[in-house]
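Engineer: Following is a predicted model, sequence given first.
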Amino acid sequence: MYFIGIDIGSTSSKVAVMDERGEFCELFLLPSGFSAVKVARQIKEALEQKGYAESFVTATGYGRVSVDYANLSMSEILCHGLGAHFLFEPDCTVEGVGGQDTKAIKIEGGKPSDFIMNDKCSAGTGKFLEISAGRLGLELSEIYKTARKNPAIKISSTCTVFAESEIVSLSANGAETSEIAYAIVDSSAHKVASLIKRLENQIYFLSSGHINFKFANLKFMWPNLFFKPSFDINAFSKYCSRIFLHNIKQVFWR
């Protein structure tokens, strides 16, 4: 018997497979694309080809209802919280920047005790960074490598649409692409920080997609936003909400 966690996110879909000993057998991701139903089928086919047909499947994320072969469906808040606790045992605040939302989850006693989400606006989300990078003619991954600080260059708008206009204006006025790139990332970091500060803690666990690994590389900006916090980044953290399947296994098979 294998235990499989599937997260159908707005941008990418992640899969984690664990055996009965609690060891990872498989970790992979696919672009979510236009159809959550289609990517759920692709995942099923991939799992069957790898020999994981006999498994207990739990689904989460925006597209979890599309995983019609799942034995269990759960909210991503609970999954992120339990997954983070499995990877990083101390109580902390889990921060996640997704394609369409930003979330913070406070862990107390190993369980989510409170959470807050920015799901009404794309500011501070992966979509904000993606659109802003595109306006500069950059790939999302390039914006971090390109960024060079100039204190005089700022993106002040909290709306993605207005921020895009600011980017055009800055470029027209002669600002360097590298300077605008830094202003974009700095603006996004401040937006995320203002959200998770409402669940202030001494330890923060960075989870979710690859955006968070890039934020970790730029965490030198964050001490200006928090009072000497501690950060933890785990190699499996982008599979964080899928790893809750270990906890599910303990609940159903203990």
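Structural biologist: Yep, it's here. Being a predicted model, the structure only gives us computed values, none of them experimental.
Engineer: Are there helices or strands packed against the host helix or strand of Phe128, and which ones?
Structural biologist: Element membership for Phe128, per DSSP states H and E: helix 126-135. Applying 3 or more Cβ pairs under 8 Å, 6 or more residues apart in numbering; DSSP states H and E, one finds that helix 126-135 contacts helix 140-146, helix 160-172, helix 177-196. (Glycine included, C-beta is placed from N, CA and C.)
Engineer: Is Pro90 in a helix, a strand, or coil?
Structural biologist: Using DSSP: H, G, I helix; E, B strand; the rest coil, the structure places Pro90 in coil.
Engineer: count of neighbours near it?
Structural biologist: Neighbourhood size, Pro90 [other Cβ atoms under 10 Å]: 12.
Engineer: hang on, isn't it packed against Gln202?
Structural biologist: No. At 9.3 Å, Pro90 does not count as touching Gln202 under the criterion of Cβ atoms under 8 Å.
Engineer: Any idea which of the helices and strands packed on helix 126-135 gets closest to Lys14?
Structural biologist: helix 140-146 (17.0 Å; Cβ to Cβ).
Engineer: so what does the closest one touch, helix or strand wise?
Structural biologist: Applying 3+ Cβ pairs under 8 Å, 6+ apart, one finds that helix 140-146 contacts helix 126-135, helix 177-196, helix 210-217.
Engineer: hmm, 6 Å instead?
Structural biologist: In this structure, helix 140-146 makes packing contacts with helix 126-135, helix 177-196, judged by 3 or more Cβ pairs under 6 Å, 6 or more residues apart in numbering; DSSP states H and E.
Engineer: Just the buried positions in the longest one, please.
Structural biologist: It stands for helix 177-196. Within helix 177-196, the residues that count as buried by 16 or more other Cβ atoms under 10 Å are 177-193, 195-196.
Engineer: same question, the shortest one
Structural biologist: Neighbour-count burial for helix 126-135 flags Gly126, Lys127, Phe128, Leu129, Glu130, Ile131, Ser132, Ala133, Arg135 (criterion: 16+ other Cβ under 10 Å).
Engineer: correct me, but the third one touches Cys159?
Structural biologist: This means Phe128. No. Counting by Cβ atoms under 6 Å, Phe128 does not reach Cys159; the two are 9.4 Å apart.
Engineer: Once you drop chain neighbours, what's closest to Met85?
Structural biologist: Careful, residue 85 is His; it's not Met. Excluding the flanking residues, the one nearest His85 by Cβ to Cβ, 6 or more residues apart in numbering is Gly110, at 5.0 Å.
Engineer: Tell me how many other residues crowd that neighbour.
Structural biologist: When neighbours are counted by other Cβ under 10 Å, Gly110 registers 15.
Engineer: Distance-wise, check it relative to His80.
Structural biologist: With distances taken as Cβ to Cβ, to the nearest Å, Gly110 is found 13 Å from His80.
Engineer: One more: Arg148?
Structural biologist: For Arg148, the distance to His80 equals 33 Å [Cβ to Cβ].
Engineer: So for the two, which residue has more residues nearby?
Structural biologist: Each of Arg148 and His80 has its neighbours counted (other Cβ under 10 Å); His80 has more, 31 against 12.
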